[in-house]
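K.L.:
One predicted model, sequence on top.
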Amino acid sequence: MRKEVMYIQSSLPIARNTIEMVLKNYYISQTAIPGQFLHLFIDGLSLRRPISIADVDREKETVTILFKKEGTGTKRLAMYQEGMTLDVLGPNGNGFKLDKECSRILLVGGGIGVPPLYYLGKTLAKQDMKIISLLGFQSAEYVFYREKFQALGETWMVTNDGSYGEKGFVTDVLDKIEDVDRYYSCGPMPMLQAVTKKLEHKQGYVSLEERMGCGIGACLACVIPRTNDRGYYKICKDGPVFRAKEVAL
Amino acid sequence: MNLAVELPGLHLKNPIMPASGCFGFGREYSDFYDLGKLGAVIMKAATGNERFGNHTPRVAETASGMLNAIGLQNPGVEKIIETEVPFLANYDIPIIANIAGSTIEEYEEVAAAFNQTDDVYALELNISCPNVKKGGIQFGTDPDMAANVTKKVKQVSNLPVYVKLSPNVSDIVVMAKAVKAAGADGLSMINTLSGMKIDVAKKRPLLANQTGGLSGPAIKPIAIRMIYEVKQQVSIPIIGMGGISNVEDVLEFLLAGASAVAVGTANFQNPFICPEIMDELPMVLRNYGFHSLQNVIEKGAQIV
């Protein structure tokens, strides 16, 4: 991880309140692995903002991030335009563990938890693994990256209101999906709780989010209780990806 | 340019140190720069036993600052002495141990434990953490309790004691006088101010602890005022802190009456902030007509 300047190559809305930003930087593009995040400084704000890496192109030296305009930070970040630069710490955290002995992989993403699963799915697909994606959104207008996931393999879409794909939550669809060797999930906490419970007989990984201070493991703001041991893991440094069974969600 | 400062128990090659709680035990920042460049390092608070802290969310952003309610999470004093102090001792910097407790006996136990090691040069007595249910601020807002805990710690420790004062009082001079009379060798000023943020969408407090400690540039004028007031009436050295984020802020603290400073929240925004301030300090001092750091401190002591 280093403190780097990233050049904004493009910044475009791709769904309701959702921005896709392509950032150019040699070091981060060459070192980032799926599941890691960028810690972005945004002018006028005291704390950096952690945003997961959605894609990396090592040849073009770019890193893609997606974020939803929700709070003060992401609303201001959305105002940054092509040609501007960002002060970034990255790539931060540990990424997804890629279990090479697996052949069938399930990706379960919810809302703005979907982006890190794309870079993961793309990486695993290159290793000839079969990718099944199950993606949940609030409604049709929030849906993004459908075609990109379809290019990786079988893709199930779910919206809470049924305006696109199946109606309900991702957990309503899990039973319809064929057996897999591993699952990887990222999304809101209630979704992760439901997914890990429903798939508790499976080995899986979850990517977690929490309000962060330093983003490098010093301040102990973003912690998650361990299951077996007393105490906490640091989400920014020990995570953001954990084995589903090692954290108490 | 001579940037050195002499304080009780501490020879600082420059006046910049990271504030307790904002730097862990230095390991993470050692990935960014040589910790040996720092004037000193103030470790994260140590308590008698391991503490797990508060539930999340533990931080919230505010205008020009942040709220935190970590809740003194730390591995306990013995583990700190066993694993963290030796790590920091690899660097040529004085180590200051921040000590906290829920009872006076715990403060004594933690203070005494640091007698075991030759690598800790001073104690910072944390009687002002606003984020724990027992101990912390309850000692820091009552002059008799503050004096009592200071006296007890001085009795068991062979190290100089800097008492970290809480700004959550109506008259900080009373607190400073009380702890000086009890034997404090110096003061750390100021800790965070108790604050709160409501999550409007969820219609409930944002922090799991409900309240948290406000830090960052938002509290700097309060720190400057309090240091100034205390300096006029209490003659022990002050390590100043509270929203320092650039080299001019450092000068302001020194002119208010501090002899050294600690940088806290700004480390989160820029992990290089301490070495950057150090690098800029000589030129900025020259620009303002100072020929040494001691020269600024002397000027600060005369400001009325």
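P.N.:
Good, I have the coordinates.
K.L.:
so where's the longest strand in the chain?
P.N.:
Chain wasn't specified; assuming chain A. Longest strand in chain A, counting residues (DSSP state E): strand A:2-15.
K.L.:
actually chain B
P.N.:
strand B:120-126.
K.L.:
I'd like to know which elements the next helix or strand after that strand is packed against.
P.N.:
For strand B:120-126, the following helix or strand on the C-terminal side (DSSP states H and E) is helix B:137-140. Contacts defined by 3 or more CB pairs under 8 Å, 6 or more residues apart in numbering or on different chains; DSSP states H and E place helix B:137-140 against helix B:143-156. Any C-beta I mention is one placed from the backbone N, CA and C, and that applies to glycine too.
K.L.:
Apply 10 Å and report the result again.
P.N.:
strand B:120-126, helix B:143-156, strand B:161-164 (3 or more CB pairs under 10 Å, 6 or more residues apart in numbering or on different chains; DSSP states H and E).
K.L.:
now A:Leu86: how far from B:Asp31?
P.N.:
21 Å (CB to CB, to the nearest Å).
K.L.:
ok, the two, which is more surrounded?
P.N.:
A:Leu86 (21 against 11; other CB atoms under 10 Å in any protein chain shown).
K.L.:
So that one versus B:Asn246, what's the distance?
P.N.:
Using CB to CB, we find A:Leu86 at a distance of 21 Å from B:Asn246.
K.L.:
With B:Val85 instead?
P.N.:
Taken as CB to CB, the span from B:Val85 to B:Asn246 is 31 Å.
K.L.:
more neighbours, these two?
P.N.:
B:Val85 (20 against 17).
K.L.:
helix or strand for the more buried one, which one?
P.N.:
Assessed by DSSP H and E, B:Val85 sits inside helix B:85-89.
K.L.:
packing partners for that helix?
P.N.:
Going by 3+ CB pairs under 10 Å, 6+ apart, helix B:85-89 lies up against helix B:27-30, strand B:95-99, strand B:120-126.
K.L.:
With only the CA atoms kept, save stretch A:177-190 in CSV.
P.N.:
What follows is stretch A:177-190, C-alpha atoms only, in CSV (Å, rounded to 0.1, in the frame of the first residue of the first chain):
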residue,chain,number,x,y,z
ILE,A,177,-29.0,-22.4,-7.8
GLU,A,178,-26.9,-25.6,-8.4
ASP,A,179,-24.4,-26.8,-5.9
VAL,A,180,-21.1,-24.9,-5.7
ASP,A,181,-17.7,-25.4,-4.1
ARG,A,182,-17.2,-21.9,-2.7
TYR,A,183,-19.2,-18.8,-2.3
TYR,A,184,-18.0,-15.2,-2.0
SER,A,185,-20.4,-12.5,-0.8
CYS,A,186,-20.5,-8.7,-0.3
GLY,A,187,-23.4,-6.5,0.5
PRO,A,188,-25.4,-5.0,3.4
MET,A,189,-25.0,-6.7,6.8
PRO,A,190,-28.6,-8.2,6.9
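K.L.:
List the buried residues in stretch A:189-209.
P.N.:
Within stretch A:189-209, the residues that count as buried by 16 or more other CB atoms under 10 Å in any protein chain shown are A:191-192, A:194-196, A:198-199, A:204-209.
K.L.:
ok, A:Glu246 - how many residues close by?
P.N.:
Neighbour count of A:Glu246, defined by other CB under 10 Å: 16.
K.L.:
likewise A:Leu249?
P.N.:
That count, for A:Leu249 with other CB under 10 Å as the rule, works out to 17.
K.L.:
Is any residue of the longest strand of chain A near chain B?
P.N.:
Yes: interface with chain B: strand A:2-15 contributes A:Arg2, A:Lys3 (CB under 10 Å from any CB of the partner chain).
K.L.:
contacting residues around the closest residue to chain B within chain A?
P.N.:
Proximity of chain A to chain B (CB to the nearest CB) peaks at A:Ala218, 3.7 Å away. By CB atoms under 10 Å, 6 or more residues apart in numbering or on different chains, the contact list for A:Ala218 reads A:234, A:236-237, B:18, B:21-29, B:44, B:267-268, B:271.
K.L.:
For chain A, what's its nearest residue on the stretch 1-150 of chain B.
P.N.:
Nearest residue of the stretch 1-150 of chain B to chain A: B:Gly24, at 3.7 Å (CB to the nearest CB).
K.L.:
Mind jotting down where the helices sit in chain A?
P.N.:
A:26-31, A:72-77, A:115-126, A:146-150, A:170-173, A:189-198 (DSSP state H).
K.L.:
Show me the contact partners of the last one.
P.N.:
This means helix A:189-198. A:106, A:108-111, A:113, A:134, A:136, A:169-172, A:174-175, A:183, A:185-188, A:202, A:204-210, A:244-245, A:247, A:249.
K.L.:
Kindly identify which of the residues you listed also come near chain B.
P.N.:
With the criterion set as CB under 10 Å from any CB, the members of these near chain B are A:Glu210.
K.L.:
Give me the buried subset of the contacts of helix A:189-198.
P.N.:
A:106, A:108-111, A:113, A:134, A:136, A:169-171, A:174, A:183, A:185-187, A:204-210, A:244, A:247, A:249.
K.L.:
Sort out for me which of those residues are in strands.
P.N.:
Short answer: the buried ones among the contacts of helix A:189-198 in strands (DSSP E) are A:106, A:108-110, A:134, A:136, A:183, A:185-186, A:204-207.
K.L.:
Taking those, tell me the two that lie furthest apart.
P.N.:
A:Gly136 and A:Tyr205 (17.6 Å; CB to CB).
K.L.:
Let's have the buried residues of stretch A:189-209 in CSV, adding pLDDT.
P.N.:
Formatted as CSV, the buried residues of stretch A:189-209 follow (pLDDT from 0 to 100):
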residue, pLDDT
A:Met191, 96
A:Leu192, 97
A:Ala194, 96
A:Val195, 96
A:Thr196, 96
A:Lys198, 94
A:Leu199, 94
A:Gly204, 95
A:Tyr205, 97
A:Val206, 97
A:Ser207, 98
A:Leu208, 97
A:Glu209, 95
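K.L.:
okay, the residues you listed in TSV with distance to A:Thr64 next?
P.N.:
Output for those, formatted as TSV (distance: CB to CB, whole Å):
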residue	distance to A:Thr64
A:Met191	23
A:Leu192	23
A:Ala194	28
A:Val195	25
A:Thr196	27
A:Lys198	30
A:Leu199	28
A:Gly204	25
A:Tyr205	21
A:Val206	22
A:Ser207	16
A:Leu208	21
A:Glu209	18
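K.L.:
got the CA positions of stretch A:10-25 in CSV?
P.N.:
Output of stretch A:10-25 as CSV, limited to C-alpha atoms (Å, rounded to 0.1, in the frame of the first residue of the first chain):
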residue,chain,number,x,y,z
SER,A,10,-13.7,8.9,-16.6
SER,A,11,-16.6,9.4,-14.2
LEU,A,12,-20.0,8.3,-15.5
PRO,A,13,-23.4,7.5,-13.9
ILE,A,14,-24.2,3.9,-14.7
ALA,A,15,-27.4,3.4,-12.7
ARG,A,16,-29.5,5.6,-10.4
ASN,A,17,-27.1,7.4,-8.0
THR,A,18,-24.4,5.1,-9.0
ILE,A,19,-21.1,6.3,-10.5
GLU,A,20,-18.4,4.4,-12.2
MET,A,21,-15.0,6.0,-12.0
VAL,A,22,-11.9,4.8,-14.0
LEU,A,23,-8.6,5.9,-12.3
LYS,A,24,-5.2,5.7,-13.9
ASN,A,25,-2.2,4.8,-11.7
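K.L.:
Would you mark the buried spots in it?
P.N.:
So, applying 16+ other CB under 10 Å, buried residues of stretch A:10-25: A:Ser11, A:Ala15, A:Thr18, A:Ile19, A:Glu20, A:Met21, A:Val22, A:Leu23, A:Lys24, A:Asn25.
K.L.:
From the chain's centroid, how far away is that stretch?
P.N.:
On the basis of CA atoms, centre = their mean, to the nearest Å, stretch A:10-25 sits 15 Å off its chain's mean C-alpha point.
K.L.:
Just the buried residues of stretch B:259-267, please?
P.N.:
B:Ser259, B:Ala260, B:Val261, B:Ala262, B:Val263, B:Gly264, B:Thr265, B:Ala266, B:Asn267.
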